[in-house]
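>>> Structure here, sequence nowhere to be found:
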């Protein structure tokens, strides 16, 4: 029996069977590792695809002007433009949140008059694309003019509480500067500070008033007033008792004179009637 057992384990068939079982186990192990690697690779590629996917957003941006603002004034341009930004999602999201780029119109080489200018974008990542709406704008360039003008204060009313009167208002500045397009500055007739006087005012008061540059017809002119507002002090004082008494006395005197005149008129009339009767 022992000889038979030894001959079985040492036989060629036993070795072949053992090799087959080992090969099956190795095959199963390798396949399981390969499938895990493939799953991991697939997940990694999906994440990469998500990071590298593209998208587009619209961003509202202020429009900058490159120009000599001390020499020229520009009108007719929009304050904001729309920019469509496209590219990798992560970069587009960052730009949308930070708006760390500029849209500008280069007017440095333009003279006075009307011009059509193409808008440009600067500061965007090279992987991003942009489209500005509108792509061009029309502007009017005029020489800048600056003058000095006096400030006039106008009160809406001088009616205050009984026994009080409004004095002459005192602006903090007597003159201000007006700057703008030469054609507009020429239209300015005066600079006005309109002050509302409270009806129940019984003491001095001051107001911070926005100044208005107006033409001869009282219309607002499109210029810049510097400073744009000033402080105006309005004195409100109590009338003296003598003034009030004088006014009352004067009134009474007038009434007395009026009564005397009436009496004299009545007496004269009666005398005339008596004379007429005697003659009859």
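Arrived safely, thanks for sending. Given the structure is predicted, the values throughout are model-derived calculations rather than measurements.
>>> Report the helix or strand with the lowest average pLDDT across this structure.
None of the helices or strands of the chain scores lower by mean pLDDT, DSSP states H and E than helix 241-279, at a mean of 44.
>>> any low-confidence regions in the protein?
Confidence mapping of the chain against pLDDT under 70 gives the ranges 1-10, 30-52, 241-280.
>>> Identify, by residue count, the longest strand of it.
Longest strand in the chain, counting residues (DSSP state E): strand 136-155.
>>> Give me the buried stretch members for it, please.
137, 139, 141, 142, 144, 145, 149, 151, 153, 155 (16 or more other CB atoms under 10 Å). Backbone N, C-alpha and C define where each C-beta goes, glycine included.
>>> now swap in stretch 213-222 and tell me
Judged by neighbour count (16+ other CB under 10 Å), stretch 213-222 contains these buried residues: 213, 214, 221.
>>> phi, psi of residue 197?
Main-chain torsions, residue 197, degrees, to the nearest 10: phi -100, psi 120.
>>> What about it, how many residues nearby?
Residue 197 is surrounded by 17 other residues when neighbours are defined as other CB atoms under 10 Å.
>>> residues touching it, list them.
Residue 197 makes contact with 155, 156, 157, 158, 159, 160, 166, 234 under the criterion CB atoms under 8 Å, 6 or more residues apart in numbering.
>>> what's the answer for residue 80, then?
By CB under 8 Å, 6+ apart, the neighbours of residue 80 are 60, 61, 62, 63.
>>> same deal with residue 195?
Under the criterion of CB under 8 Å, 6+ apart, the contact list for residue 195 reads 153, 154, 155, 156, 169, 207, 209, 232, 234.
>>> Relative to residue 209, how far out is the second one?
Residue 154 sits 10 Å away from residue 209, taking CB to CB, to the nearest Å as the criterion.
>>> Kindly report the same for the third one.
Shown here: residue 155 relative to residue 209, a distance of 11 Å by CB to CB.
>>> OK, contacts around the residue positioned nearest the centre of the chain?
The centre of the chain sits closest to residue 79, judged by CA atoms, centre = their mean, with a distance of 10.2 Å. When the contact criterion is CB under 8 Å, 6+ apart, the partners of residue 79 are 62, 63.
>>> Show me whatever sits in contact with both of residue 154 and residue 209.
With CB under 8 Å, 6+ apart applied, the overlap between the contact sets of residue 154 and residue 209 consists of 193, 194, 195.
>>> For the nearest residue to the first one once chain neighbours are set aside, what are phi and psi?
Nearest non-adjacent residue to residue 193, counting by CB to CB, 6 or more residues apart in numbering: residue 209, 4.3 Å away. Dihedral angles of residue 209 (phi, psi; degrees, to the nearest 10) stand at phi -110, psi 130.
>>> how about residue 68, what does it touch?
By CB under 8 Å, 6+ apart, the contact list for residue 68 reads residue 108.
>>> please begin residue numbering at 158 from this point
Shifting the count to begin at 158 puts that one at residue 225.
>>> so which helix or strand takes in it?
Using DSSP states H and E, residue 225 is not contained in any helix or strand.
>>> can you tell me how far it sits from residue 365?
Applying CB to CB, the value for residue 225 to residue 365 is 33 Å.
>>> So which residues of the chain form helices?
When secondary structure is read from DSSP state H, the chain shows helices at 159-166, 169-209, 246-255, 339-342, 398-436.
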